[in-house]
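> Quick one: sequence plus predicted model below, questions after.
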Amino acid sequence: MAYLNNITTPDDLRKIPAQNLPIVAKELRDFIIDIVSAKEGHLGASLGVVELTVALHYVFNTPFDKLIWDVGHQAYGHKILTGRSDVFETNRQLNGISGFPKREESIYDDFGTGHSSTSISAILGMAIASKLKGETLKQHIAVIGDASIASGMAFEGLNHAGVTDANVLIILNDNAIGIDPSVGALKQYLTNVKKGSAKQDNIFEALNFNYSGPIDGHNLPLLIEELNRLKTVRGPKFLHVITTKGKGLKKAEENQVTYHAPGKFNKVTGDLLPKVNGEGTPKYQDVFGLTIVELAKENKKIVGITPAMPTGSSLKIMMEEIPDRAFDVGIAEQHAVTLAAGMVAEGLVPFCNIYSTFLQRAYDQVIHDVALQNLPVIFCLDRAGLVGEDGATHHGVYDIAYLRCIPNLLIFAPMNEEELRNIMYTAQLGLQQPIAIRYPRGRGVTKNWKQPFTKIEIGKSLELKKGTEIVVLSVGHIGNMVAAVLNDLDSSKIGHVNMRFIKPLDVTKLLSIFNKYSTIVTIEDGCKIGGFGSAILEFANTNSFTNKVHILGIDDVFVQHGSVAQLHEINNIGANSFKIFIESLHANE
């Protein structure tokens, strides 16, 4: 590390002769591979922009000049060059640095990112602010990928920027892939541009951008030359850069989907290392993916929709087996929801699979286009609850609260794989209203999960353990932890009910519970405010019950990154913290 070890700020980088920057790029790429191979993280995206990262910090006067990385998967090199090399091994770990740009982490992280397509709007806002403040020399740069730029919000930003004289530079990092391969007409257009066969007028020039490119994003001298030229051009500019995701690690270049976030791997060969607990029980996403195929083969009206997450949601299984009825619409959550609504209106049965944290981006569509019209879209909310190392931008802890207030919408949280399978079966039988099915990232609890389908009665809970004084009401996968703790405690005082339905609540069962138990404990892997526990308190108040109700869930804070187990314990919904809490209640009864 002849150079990298001596770079603590971009000022140090700028002192290096330009002809030696390829050495810096190689060292940076090797450093990323070395750390991520052992500590895990987002690999391919950061490897693909090493030269671009070096060039940007070499040419522009960061942090005076503003630089935003869209989504932020690709920002590892940026973090390393801006004073975080010494702590980079803590990336995405509890109390370590974030895997995404984060304003409070560094003055070089000009805007926090984690969801896609926000960079153009944000950098335009900064550029307009600079103009109003008279900061005429400040540069404003946003780096956005070809998958992210196809999102509606990115086009909204481009549309506005093109009619301003704001000093902005939009850099399109075009590698033809997000997490999965990019899709859509814009992807085809960019492919034609790269091949020199685009018949249409340049779309970015038509939006009043000074367009340049496409250029080789791994050619450092060319990048530096072009960026220096663009520094002198005023107004909105657009640089089209061609890169290879995973550049510099052969396996990552060959298998870009897997090596987006590959887990641990051999840093020399690139071979993946075996995952701990990789066998046995299935991932919830795979239960969804296999079940929808099984159902779709019997029900020809079933279609599957995902906004750019076919692999992560396992809808890819259906896309391979029944390709004409499975749709990846790109990073377009709003479109995905209303597309599903249109399909329902014409008699289809769409399963719209969206990560919980990303459904936030389509909230109005859920209300206006689905629930208001009472169209029975089946929402499958993957990654509900705390998701671990991706941190605050990705935790799916708000869905219960933001969906529970919407009329007509059912909300179900399966405790295990069979319940997920059976509610999917139930929903496609002719449900007359929309339903949201929320389930966590990771594995379930049942090896032999593929049992014959059973219809679930809407709004009915399951009593798992009878008690006399204390009862725990759980929703979702976390109920398995509750059951295990109560089994170890082995007390006849404590009961356990798997509520399953957050909306509608099982009113008949709740009346019985409040008349029988003096103390009620609710537990959920979601926010307390407005969540499942709040629903139970509302029920108690409406029915004039005065029983003691304890709500366990996520407090009114943004939870940062760490393993799921660590974050559960910190938020008092892990096995150890729950056991301590329930034992203290038990002792006082």
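Arrived safely.
> any idea which residue sits dead centre in this structure?
By CA atoms, centre = their mean, the chain has its centre lying nearest to His394, at 4.4 Å.
> And Arg325, how far from Met319?
9 Å (CB to CB, to the nearest Å). Backbone N, C-alpha and C define where each C-beta goes, glycine included.
> Can you pull the residues that touch both of these two?
Residues touching both Arg325 and Met319 (CB atoms under 8 Å, 6 or more residues apart in numbering): Gly304.
> I'd like to know how many residues surround the closest residue in space to His42 that isn't next to it in sequence.
Excluding its sequence neighbours, the residue lying closest to His42 (CB to CB, 6 or more residues apart in numbering) is His73, at 4.3 Å. Neighbour count of His73, defined by other CB atoms under 10 Å: 28.
> Assign a three-state SS to His73, would you?
Here His73 is recorded as coil under DSSP: H, G, I helix; E, B strand; the rest coil.
> Please list all residues in contact with it.
Taking CB under 8 Å, 6+ apart, we find His73 in contact with His42, Ala45, Ser46, Phe100, His260.
> so what's the backbone phi/psi at it?
Backbone torsions for His73, taken as degrees, to the nearest 10, come to phi -60, psi -30.
> what's the distance between it and Ser116?
Look at His73 and Ser116: by CB to CB, they are 9 Å apart.
> buried sites along stretch 15-23?
In terms of neighbour count (16 or more other CB atoms under 10 Å), stretch 15-23 has its buried residues at Ile16, Leu21.
> Distance from the chain centre to it, please.
Its chain's C-alpha centre and that of stretch 15-23 lie 37 Å apart, by CA atoms, centre = their mean, to the nearest Å.
> Alpha carbons of that stretch, as PDB, please.
The C-alpha trace of stretch 15-23 is given here as PDB (Å, rounded to 0.1, in the frame of the first residue of the first chain):
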ATOM      1  CA  LYS A  15      -0.700  15.500  -4.000                       C
ATOM      2  CA  ILE A  16       0.000  12.300  -5.900                       C
ATOM      3  CA  PRO A  17       1.200  12.600  -9.500                       C
ATOM      4  CA  ALA A  18      -1.600  11.800 -11.900                       C
ATOM      5  CA  GLN A  19       0.400   9.100 -13.600                       C
ATOM      6  CA  ASN A  20       0.600   7.200 -10.400                       C
ATOM      7  CA  LEU A  21      -3.200   7.200  -9.700                       C
ATOM      8  CA  PRO A  22      -3.700   3.800 -11.300                       C
ATOM      9  CA  ILE A  23      -1.500   2.400  -8.500                       C
END
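> neighbouring contacts of that stretch?
Ala2, Tyr3, Val24, Val54, Ala55, Tyr58, Leu220, Pro221, Ile224.
> Tell me the buried residues within those residues.
When the contacts of stretch 15-23 are checked for burial by 16+ other CB under 10 Å, the buried set is Tyr3, Val24, Val54, Ala55, Tyr58, Leu220, Ile224.
> Quick one: those residues as CSV, columns for pLDDT and distance to Ala176 too.
Formatted as CSV, the buried ones among the contacts of stretch 15-23 follow (pLDDT from 0 to 100; distance: CB to CB, whole Å):
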residue, pLDDT, distance to Ala176
Tyr3, 93, 31
Val24, 96, 26
Val54, 98, 22
Ala55, 98, 21
Tyr58, 98, 26
Leu220, 97, 22
Ile224, 97, 24
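> Closest one of those to Asp382?
Val54 (35.9 Å; CB to CB).
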